[in-house]
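Novice: Build the 3D model from these lines:
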Amino acid sequence: MAAILEPHRLPASAGAPRPELRVLQGGRSARPAPARPLVTPGAIAAFVAVTVLLMVGFVAIGRGAFSAAAPATPAAATAPAAGARTVTVRAGDTLWSIARRLRPTGDVRPLVDQLAEANGGTAIAPGDRLVIPS
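Specialist: Now for the predicted structure:
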(Lines give C-alpha, C1' and ligand atoms only; values in the text may rest on other atoms or scores of the structure.)
Protein backbone atom coordinates (compact mmCIF):
# COMPACT_ATOMS: atom_id res chain seq x y z
CA MET A 1 0.00 0.00 0.00
CA ALA A 2 1.29 3.45 -0.81
CA ALA A 3 0.40 6.80 0.65
CA ILE A 4 0.66 10.08 -1.11
CA LEU A 5 1.09 13.22 0.92
CA GLU A 6 -0.01 16.50 -0.56
CA PRO A 7 0.55 19.83 1.13
CA HIS A 8 -2.65 21.59 2.07
CA ARG A 9 -2.80 25.34 2.08
CA LEU A 10 -4.92 27.06 4.69
CA PRO A 11 -7.31 29.65 3.38
CA ALA A 12 -6.31 33.26 4.05
CA SER A 13 -8.23 34.75 6.97
CA ALA A 14 -10.80 37.27 6.03
CA GLY A 15 -10.55 39.15 9.36
CA ALA A 16 -9.09 42.57 10.04
CA PRO A 17 -5.53 43.18 8.96
CA ARG A 18 -2.89 42.90 11.71
CA PRO A 19 -1.25 46.12 12.89
CA GLU A 20 2.33 46.73 11.95
CA LEU A 21 4.89 46.35 14.77
CA ARG A 22 6.97 49.39 15.69
CA VAL A 23 10.06 49.72 17.91
CA LEU A 24 9.63 52.37 20.60
CA GLN A 25 12.52 54.25 22.18
CA GLY A 26 12.79 54.01 25.96
CA GLY A 27 10.50 51.64 27.74
CA ARG A 28 11.32 49.73 30.89
CA SER A 29 14.93 48.99 30.05
CA ALA A 30 15.77 52.64 29.38
CA ARG A 31 16.58 53.29 33.09
CA PRO A 32 19.36 51.17 34.55
CA ALA A 33 18.65 49.51 37.85
CA PRO A 34 20.25 51.30 40.80
CA ALA A 35 23.66 49.84 41.53
CA ARG A 36 23.94 48.05 44.88
CA PRO A 37 27.15 48.74 46.79
CA LEU A 38 29.54 45.83 47.01
CA VAL A 39 30.30 46.56 50.66
CA THR A 40 27.71 47.98 53.00
CA PRO A 41 28.53 50.35 55.86
CA GLY A 42 27.41 47.70 58.36
CA ALA A 43 29.87 45.18 56.91
CA ILE A 44 32.70 47.71 57.17
CA ALA A 45 31.82 48.46 60.80
CA ALA A 46 31.73 44.74 61.66
CA PHE A 47 35.10 44.16 59.99
CA VAL A 48 36.69 47.06 61.87
CA ALA A 49 35.24 45.86 65.20
CA VAL A 50 36.51 42.30 64.73
CA THR A 51 39.95 43.56 63.68
CA VAL A 52 40.22 45.83 66.72
CA LEU A 53 39.16 43.00 69.06
CA LEU A 54 41.74 40.65 67.54
CA MET A 55 44.49 43.24 67.87
CA VAL A 56 43.61 43.93 71.52
CA GLY A 57 43.61 40.18 72.20
CA PHE A 58 47.02 39.68 70.59
CA VAL A 59 48.51 42.59 72.53
CA ALA A 60 47.05 41.26 75.78
CA ILE A 61 48.43 37.78 75.14
CA GLY A 62 51.82 39.22 74.16
CA ARG A 63 52.03 41.20 77.41
CA GLY A 64 51.09 38.14 79.46
CA ALA A 65 47.69 39.35 80.62
CA PHE A 66 46.39 35.79 80.80
CA SER A 67 49.49 34.18 82.32
CA ALA A 68 47.96 34.24 85.82
CA ALA A 69 45.10 32.05 84.57
CA ALA A 70 47.47 29.29 83.42
CA PRO A 71 48.26 26.62 86.01
CA ALA A 72 51.86 26.35 87.16
CA THR A 73 53.77 23.30 85.99
CA PRO A 74 53.72 20.59 88.64
CA ALA A 75 57.52 20.27 88.64
CA ALA A 76 57.93 24.00 89.32
CA ALA A 77 55.28 23.95 92.05
CA THR A 78 57.02 21.36 94.20
CA ALA A 79 60.18 22.41 95.99
CA PRO A 80 62.79 19.73 96.65
CA ALA A 81 63.37 18.80 100.26
CA ALA A 82 66.64 19.88 101.88
CA GLY A 83 69.39 17.38 101.20
CA ALA A 84 67.42 15.49 98.51
CA ARG A 85 69.19 14.55 95.31
CA THR A 86 68.00 16.73 92.43
CA VAL A 87 68.76 17.24 88.79
CA THR A 88 68.24 20.48 86.85
CA VAL A 89 66.25 20.18 83.62
CA ARG A 90 68.13 21.42 80.55
CA ALA A 91 66.66 22.59 77.24
CA GLY A 92 65.40 19.61 75.24
CA ASP A 93 65.30 17.26 78.24
CA THR A 94 62.49 14.79 78.77
CA LEU A 95 61.87 12.45 81.68
CA TRP A 96 63.16 9.67 79.45
CA SER A 97 66.45 11.44 78.65
CA ILE A 98 66.97 12.33 82.33
CA ALA A 99 66.26 8.73 83.36
CA ARG A 100 68.74 7.47 80.74
CA ARG A 101 71.36 9.92 82.05
CA LEU A 102 70.81 8.62 85.59
CA ARG A 103 70.70 4.95 84.54
CA PRO A 104 72.81 4.48 81.37
CA THR A 105 72.05 0.75 81.04
CA GLY A 106 68.98 -1.34 81.56
CA ASP A 107 65.28 -0.58 81.55
CA VAL A 108 64.48 3.03 82.45
CA ARG A 109 60.66 2.72 82.43
CA PRO A 110 60.36 2.23 86.21
CA LEU A 111 62.66 5.23 86.82
CA VAL A 112 60.58 7.42 84.46
CA ASP A 113 57.44 6.48 86.41
CA GLN A 114 59.20 7.24 89.73
CA LEU A 115 60.44 10.62 88.44
CA ALA A 116 56.93 11.56 87.31
CA GLU A 117 55.39 10.49 90.64
CA ALA A 118 58.04 12.23 92.78
CA ASN A 119 57.78 15.52 90.84
CA GLY A 120 54.03 15.87 90.40
CA GLY A 121 53.59 14.79 86.78
CA THR A 122 55.33 14.66 83.44
CA ALA A 123 55.36 18.38 82.59
CA ILE A 124 58.89 19.76 82.90
CA ALA A 125 60.56 22.95 81.70
CA PRO A 126 64.19 24.04 81.43
CA GLY A 127 65.45 25.21 84.82
CA ASP A 128 63.13 22.97 86.86
CA ARG A 129 64.78 20.98 89.64
CA LEU A 130 63.55 17.41 89.71
CA VAL A 131 63.81 15.27 92.82
CA ILE A 132 65.51 11.95 92.12
CA PRO A 133 63.75 9.13 93.96
CA SER A 134 66.01 6.77 95.92
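
Novice: Now do the phi/psi pair for the residue nearest the centre of the chain.
Specialist: In the chain, the residue lying closest to the centroid (CA atoms, centre = their mean) is Leu54, at 13.7 Å. With angles defined as degrees, to the nearest 10, Leu54 sits at phi -60, psi -40.

Novice: before we move on, what about Arg101?
Specialist: According to degrees, to the nearest 10, Arg101 has phi -70, psi -40.

Novice: need the strands for the protein, in chain order.
Specialist: Using DSSP state E, the strands of the chain run over 86-88, 129-131.

Novice: do you know how far the residue nearest to the centre of the chain is from Ala91?
Specialist: 32 Å (CB to CB, to the nearest Å). All C-beta atoms are positioned from the backbone trio N, CA, C, and that covers glycine.

Novice: what do you get for Arg109?
Specialist: Arg109 is 24 Å from Ala91, by CB to CB.

Novice: Looking at those two, which one has more neighbours?
Specialist: Legend: neighbour count by other CB atoms under 10 Å for Arg109 and Ala91, higher for Arg109 (10 against 7).
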